[in-house]
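*Asks:* Next comes the sequence, and after it the predicted model I'd like to discuss.
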Amino acid sequence: MASLYLGLISGTSADGIDAALVRFDGDAPHAPCTLVHGRTCRWQPALRARLLALGQGGDCASLDEFGALDVQVATAFAEAALALLAEAGVAAAQVRALGSHGQTVRHRPGGPHPFTLQLGDGHLIAERTGITTVSDFRRRDVAAGGHGAPLLPALHAALLHSPAESRAVLNLGGIANLTLLPRAGTVRGFDSGPANALLDAWCARHTGAAYDAGGAFAAAGAVDAALLQRLLDEPWFAQPPPKSSGREQFHLDWVAARLRGDEAPADVQATLLELTAASVAEALHATQPDTRRLLVCGGGVHNPVLLRRLAARLPDVVVESTAAHGVDPDLVEAMGFAWLARETLAGRPGNLPAVTGARGPRVLGAIHHA
């Protein structure tokens, strides 16, 4: 029997709220799923700016501000869901459940008191939409000793695994993460380093544009080999999986600490782009050297300069969009949170311990009934 679920996510780039309406044919964990409709809703600029500041290590002025932001984010998520349903011509009552990732503002899975924090009150989303809402997916995995990320390798495996070749899925969001899909064997996944978070921030500072459209700013510069090496010397890159990161790790102050001070802005942009390509390639060589196909999704898939640099650093690997395999690269993550909501309601684990490092499989998220 077919059922509809809705997924919502705003990633570390906070460039918009991605919403996906997904149909699942059957109740099995790996039942076929189809994207019914998807859209991206832009953040109100002042709210986005505040969320980016928090995500890069800034602090809330008060508990009152934190509470207000939680409500503002939830309201924006609820509006995104309702706008999607209106476009699709689907009533809220037809949707079995909604999975909301929320907006990450801090991710600290290491240290003596590990935690991860996403804004967007699930109670309010359920109230505003009239749809049972599952939210707060990452914290149970962290409580079980995991990183709480990445959470979508199981979906990547269901949609894109092939017994004919070893593949990897690369999500180029604010942070880049890899899902390893060997021909046979255990699915693994981990964050490989920064992607759009640094590229967007540097571009905005020096051009005023929110992102580097088509990679033109990077293409106007030249890679600074010495700067690239200083960036790659960051100890985080040498850590073995499982591992995850965020804007609080990779931000413009981190870049500034490695600059001489006389670099041309376009050269820094080119070097940051090369950092993404190099860190992805090195991680893939180290963890799955027999990879034959790299399937790319996320906002970075629209940066042809970045894709060319990935292909240059991975000459024996086919680098292509997930679109070549029938999966919308802009909505894979949102589809994933529809899938996770479905797993939670079914009482099935949503994490993969081999990916996150958790002590075992866990049912993820808190359920807020309509």
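*Replies:* Now that the structure is in, tell me what you want to look at.

*Asks:* what sits against residue 108?
*Replies:* If a contact means C-beta atoms under 8 Å, 6 or more residues apart in numbering, then residue 108 has 114-116, 248 as its contacts. For every residue, glycine as well, the C-beta is placed using N, CA and C.

*Asks:* I should have written residue 47 there, sorry.
*Replies:* Contacts for residue 47 (C-beta under 8 Å, 6+ apart) come out as 69, 72-73, 76.

*Asks:* what's the closest of the residues you listed to residue 57?
*Replies:* residue 69 (15.7 Å; C-beta to C-beta).

*Asks:* Helices along the stretch 251-370 of the chain, start to end?
*Replies:* Using DSSP state H, counting those that start in this stretch, the helices of the stretch 251-370 of the chain run over residues 252-256, 265-287, 304-313, 332-345, 353-356.

*Asks:* Which one, of the ones you listed, ends up nearest to residue 17?
*Replies:* helix 332-345 (8.6 Å).

*Asks:* quick one: buried residues of the closest one?
*Replies:* 332-345 (16 or more other C-beta atoms under 10 Å).

*Asks:* Repeat that for stretch 354-364.
*Replies:* 355-358, 362, 364.

*Asks:* distance of residue 330 from residue 38?
*Replies:* If you measure residue 330 against residue 38 using C-beta to C-beta, to the nearest Å, the figure is 7 Å.

*Asks:* Common neighbours of those two, please.
*Replies:* residue 18.

*Asks:* related to what we said a few turns ago, now the two most distant members of the buried residues of stretch 354-364.
*Replies:* Among the buried residues of stretch 354-364, 357 and 364 lie farthest apart (C-beta to C-beta), at 14.6 Å.

*Asks:* hmm, what's the outermost residue in the protein?
*Replies:* Centroid-distance maximum for the chain: residue 262 at 33.0 Å, with C-alpha atoms, centre = their mean.

*Asks:* Give me the pLDDT value at residue 11.
*Replies:* pLDDT for residue 11: 83.

*Asks:* pretty sure it is in contact with residue 177, am I right?
*Replies:* No - using C-beta atoms under 8 Å, residue 11 is not in contact with residue 177, being 10.2 Å away.

*Asks:* And these two? Which one has more around it.
*Replies:* The neighbour comparison of residue 11 against residue 177 (other C-beta atoms under 10 Å) goes to residue 177, with 27 against 23.

*Asks:* I'd like to know how far residue 101 sits from residue 187.
*Replies:* Where residue 187 is concerned, residue 101 sits at a distance of 20 Å (C-beta to C-beta).

*Asks:* the more surrounded of the two?
*Replies:* The neighbour count for residue 101 versus residue 187, taken as other C-beta under 10 Å, is higher for residue 101 (26 against 18).

*Asks:* residues contacting that one?
*Replies:* 7-10, 118, 120, 135, 137, 333, 337.

*Asks:* hmm, 7 Å instead?
*Replies:* Residues counted as contacts of residue 101 (C-beta atoms under 7 Å, 6 or more residues apart in numbering) are 8-9, 118, 137, 337.

*Asks:* and it, which of the three is it?
*Replies:* strand (DSSP: H, G, I helix; E, B strand; the rest coil).

*Asks:* for residue 81, same thing?
*Replies:* For residue 81, the secondary structure call by three-state DSSP comes out as helix.

*Asks:* can I assume it is in contact with residue 19?
*Replies:* Yes - counting by C-beta atoms under 7 Å, residue 81 touches residue 19, with 5.9 Å between them.

*Asks:* rewinding a little: switch the contacts of residue 101 over to CSV; also include secondary structure and distance to residue 316.
*Replies:* Output for the contacts of residue 101, formatted as CSV (DSSP: H, G, I helix; E, B strand; the rest coil; distance: C-beta to C-beta, whole Å):
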residue, secondary structure, distance to residue 316
8, strand, 37
9, strand, 32
118, strand, 38
137, coil, 35
337, helix, 34
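
*Asks:* export these to a markdown table and tack on distance to residue 292?
*Replies:* Below are the contacts of residue 101 laid out as a markdown table (distance: C-beta to C-beta, whole Å):
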| residue | distance to residue 292 |
| --- | --- |
| 8 | 33 |
| 9 | 29 |
| 118 | 35 |
| 137 | 31 |
| 337 | 29 |
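
*Asks:* Nearest to residue 276 among those?
*Replies:* Nearest to residue 276 among the contacts of residue 101 is residue 9, at 20.3 Å by C-beta to C-beta.

*Asks:* Leaving out the residues flanking it, which one is nearest to the closest one?
*Replies:* Excluding its sequence neighbours, the residue lying closest to residue 9 (C-beta to C-beta, 6 or more residues apart in numbering) is residue 101, at 4.0 Å.
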